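In: I would like the atomic coordinates for the input below:
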Amino acid sequence: MRNRKLALLVVVLAACPALAWAQPRPKLDEQVKELAAKVDEALKGAAEGSAAAKALQDLATKVAAIQQDVGRLKRAGEGYEALRKKLERYENRVGNLELDLAALKMQAAEGAESSGFNDGFFLQSSDRKFLLRIGALAQLGYDGTIFSQEEVSGETLGTNESGFLLRRARLAASGHLLNWRLSYRMELDFGSADPGPLLDGWGELHVHKLLRIRAGRQKIPFARQFIIHSAYQQFVERSGATRAFALGWDLGAIVLGNLNLAGVISYQLGIFNGAGSTALQDDNTDFLYIARLLYQPLGPMEYAEGDYEVGKLQIAVGGVFTYNLARTDIALRKGETDATKAAAMSDADADGNIDNVGIYQLGGELVARLGGLAWQSELFYRVEDPGAVAEDRSFFGLYTQASFFHYSSSLELAARYGFWEPNYYGMDRSQARPGRIHEMAVALNGLVWLRRVKWQIEYSHQWWFDLQVGESELTGDVGVNRILIQTQLAF
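Out: Residues are numbered from 1 along each chain as shown. Below is the predicted model:
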């Protein structure tokens, strides 16, 4: 009899956790309900049509989705361990949304604070007609590079390196003037990775959700990975394919917006100088033109890599096209150093003007995210048309990367493969260089405080093929190993 009672007690004790978790904990239900009520209250005090009101509406949609998902879990009757993990993820997400709400309430409420923190420190006038938001980014890291051989056929390919780098040190100012429809942004970088100090310096007029006009110095929106801010990258460095085909920053204007109010289809149409990231003005009378179209059938997707929220499936499919008439680089391509001969080569039709080369670029992107899993891929294609003086030249590139984010530990594991054919347009070709590159890379990241604090460890291996100097080919291939470590602080 005593043994039966003991067995019964063991069964009851073992069943208690499962019974306790068979339904979502009341604490989480109460948290979500209380958060929904706070969001509704904040919406009532927000100025109609303001940026804060729209952000609060998006927050209300996220809270409603969590309520539905918790209710679904309540009916699912899943096992103890599976349900426990899912509820932990929702608790983390609710905590993040509460932080967002606290910041938005300061911005939206009547008599809003004149200063505070909301995705950056801000100052604003009492009537909220003027807003200044200050942001910063610091990325300090280590870079170790080892070549399988530093020379091939007597030509130097590179040197082994090991050292610390201040990759990015940025200050950003953004906000609006007179009305939230007239916004601006300026970003300076004093690090070593990008062509600073001035990166962004533009103003934007928000005519309608379907139409915004932005003018000034800004990113040319070719390559999704390049468009995504450096603070939201999964790897220390963007893929070599992206770096080979991205067009950098330039002076110009863009018309952008959504083709429907739900934001399922968005577009960008732009015109730029086309002289390169370091140029202060156009180097010819022609411009660079770009058209980009993005389809997001399940709703707008954040411009960031990875999936850090418990959410439903998200998909984005896009395409982009650019055309530019650029000054010929024939003298550099041929290695001609004599100024008179170089000038004659650059004016093959002898009309007194430097010849132009038509450059066409196409890009395609596909992104998917679900419950911590993320996949992102892009294809690039480039054609250089020098006209009757030479044959067309074409270049191809791609990358694909996948990742998994573990919510409980805030750790992320990512892997990437890339292939590209560098074009070296406008660059000195006197040093040995590869014609084709393959790359494999893996990264381990740790995220803190909504990605604002992050550490990253990356290892990559590249295979260099079709080595050449000038137009002469070299015999042999080279491998390049890199270890990158980076710590990020951002707000």
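In: Not counting its neighbours along the chain, what's nearest the spatially most central residue of the chain?
Out: When C-alpha atoms, centre = their mean is applied to the chain, the residue found nearest the centroid is residue 228 (2.0 Å). Setting aside the residues directly before and after it, residue 228 is nearest to residue 303 in space (C-beta to C-beta, 6 or more residues apart in numbering), at 5.2 Å. The C-beta positions use only the backbone N, C-alpha and C, and glycine is treated the same way.
In: so the residue nearest to the centre of the chain sits right up against residue 306, yeah?
Out: No. Using C-beta atoms under 8 Å, residue 228 is not in contact with residue 306; the gap is 10.3 Å.
In: how about the strands in the stretch 51-200 of the chain?
Out: 115-117, 121-124, 131-147, 151-152, 155-156, 161-177, 179-189, 198-208 (DSSP state E, counting those that start in this stretch).
In: ranking these by mean pLDDT, which is last?
Out: Ranked on mean pLDDT, the bottom entry among those is strand 115-117, at a mean of 77.
In: now the strands of the stretch 51-200 of the chain in a markdown table, with mean neighbour count and distance to residue 289?
Out: Compiled in a markdown table, the strands of the stretch 51-200 of the chain are given as follows (neighbours: other C-beta atoms under 10 Å; distance: least, C-beta to C-beta, whole Å):
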| stretch | mean neighbour count | distance to residue 289 |
| --- | --- | --- |
| strand 115-117 | 14 | 40 |
| strand 121-124 | 18 | 36 |
| strand 131-147 | 17 | 31 |
| strand 151-152 | 16 | 40 |
| strand 155-156 | 14 | 38 |
| strand 161-177 | 16 | 27 |
| strand 179-189 | 18 | 23 |
| strand 198-208 | 16 | 18 |
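In: Tabulate the ones you listed (CSV), appending distance to residue 291.
Out: Listed next are the strands of the stretch 51-200 of the chain as CSV, based on distance: least, C-beta to C-beta, whole Å:
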stretch, distance to residue 291
strand 115-117, 38
strand 121-124, 34
strand 131-147, 30
strand 151-152, 41
strand 155-156, 41
strand 161-177, 26
strand 179-189, 23
strand 198-208, 19
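In: out of the ones you listed, nearest to residue 465?
Out: strand 151-152 (11.5 Å; C-beta to C-beta).
In: The closest one - contacts with which helices or strands?
Out: Strand 151-152 is packed against no helix or strand, with contacts defined by 3 or more C-beta pairs under 8 Å, 6 or more residues apart in numbering; DSSP states H and E.
In: which residues in the stretch 251-400 of the chain form strands?
Out: 265-272, 288-295, 314-327, 356-370, 373-385, 393-406.
In: in its sheet, what does the first one sit against?
Out: Read it as strand 265-272. Looking at strand 265-272 with DSSP bridges, its partner strands are strand 249-258 (antiparallel), strand 288-295 (antiparallel).
In: Reformat those into CSV and put mean neighbour count next to each item.
Out: Below are these laid out as CSV (neighbours: other C-beta atoms under 10 Å):
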stretch, mean neighbour count
strand 249-258, 19
strand 288-295, 19
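In: Save those as a markdown table, and put in mean pLDDT and distance to residue 241 too.
Out: Shown next, in a markdown table, are the strands paired with strand 265-272 (pLDDT from 0 to 100; distance: least, C-beta to C-beta, whole Å):
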| stretch | mean pLDDT | distance to residue 241 |
| --- | --- | --- |
| strand 249-258 | 96 | 19 |
| strand 288-295 | 98 | 18 |
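In: and of those strands, who's closest to residue 318?
Out: strand 288-295 (4.0 Å).
In: tell me the angle that closest one makes with strand 356-370.
Out: 20 degrees (axes from the mean of the first three to the mean of the last three C-alpha atoms, to 10 degrees).
In: just how off-centre is strand 288-295 within its chain?
Out: 17 Å (C-alpha atoms, centre = their mean, to the nearest Å).
In: quick revisit: mind pulling up the pLDDT for the residue nearest to residue 228?
Out: In this model, residue 303 carries a pLDDT of 92.
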